[in-house]
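Asks: What would the 3D arrangement of this be:
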Amino acid sequence: LIVYEIPLKINVKGRQPVLFTELTAKTDFEVRLKFQSRLDVDQQWNLTTETEALDYKILNEPELDFGITSIPLKDVAGLLLDNFLNDAAKILDLQIKENFDTRDYVNSLWQDIQEPILLDEAYNSWMKITPKYFVYSPIKGNNNKISLNLGVNAYIEVITGRRPDFILNLSLIHISEP
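Replies: Residues are numbered from 1 along each chain as shown. A predicted model of the protein is given here:
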């Protein structure tokens, strides 16, 4: 789980009819929204999240000041925020899904490790890795960083002579470790 806060600045405008005219007012106030997200990786190596709204804090007293009267907005803002937080958690999950493409990174690594590596020029020694599948440990967070450790189950060959031929395996396989 990661716990985080999102600052939000809200601008409110109001109108109040008075006799033959209309009074207008506007105010800004700030809110800090608090969420927690459970991170995981699905079978296609996509980052998945399950976000839950925890709390919010209104940082300054919102009110519309019309000059002749003032309308406090804290209770109304609280009611709106109470109803908005669960929708905001769903929006965050959707935004993370659309903007964090872990599959591309893992797929690129899967393909890159299959390219033979020259170990020693003098002996013309090569290392050839033929991966079977990737494994990963649970996602961890520490010191404001999130990490995902990957391991590979593979056949590793050391070959001397010419650069070894290889067939690029595009079938990225996923196994999770507890």
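Asks: Longest strand in this protein, please.
Replies: strand 21-41 (DSSP state E).
Asks: Alpha carbons only: can I get the helix or strand following that strand in CSV?
Replies: Downstream of strand 21-41, the first helix or strand assigned by DSSP states H and E is strand 47-58. Extracted C-alpha coordinates of strand 47-58, given in CSV (Å, rounded to 0.1, in the frame of the first residue of the first chain):
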residue,chain,number,x,y,z
LEU,A,47,0.4,-2.0,-13.3
THR,A,48,-2.9,-2.3,-11.5
THR,A,49,-4.1,-0.2,-8.6
GLU,A,50,-7.0,-0.4,-6.1
THR,A,51,-7.4,3.1,-4.6
GLU,A,52,-9.3,4.0,-1.5
ALA,A,53,-10.2,7.5,-0.3
LEU,A,54,-9.1,7.9,3.3
ASP,A,55,-9.8,11.5,4.3
TYR,A,56,-9.7,15.1,3.4
LYS,A,57,-8.8,18.3,5.1
ILE,A,58,-10.1,21.8,4.3
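Asks: confidence score at L80?
Replies: pLDDT for L80: 90.
Asks: circling back: tell me the angle the longest strand of the chain makes with strand 47-58.
Replies: Angle, strand 21-41 to strand 47-58, by axes from the mean of the first three to the mean of the last three C-alpha atoms, to 10 degrees: 140 degrees.
Asks: Pull out the buried positions in strand 21-41.
Replies: For strand 21-41, burial by neighbour count (16 or more other C-beta atoms under 10 Å) applies to A25, T27, F29, V31, L33, F35, S37, L39, V41. For glycine as for every other residue, the C-beta is placed from the backbone atoms N, C-alpha and C.
Asks: Can you pick out the most distant pair from those?
Replies: Pairwise distances among those were taken by C-beta to C-beta; the largest, 49.3 Å, belongs to A25 and V41.
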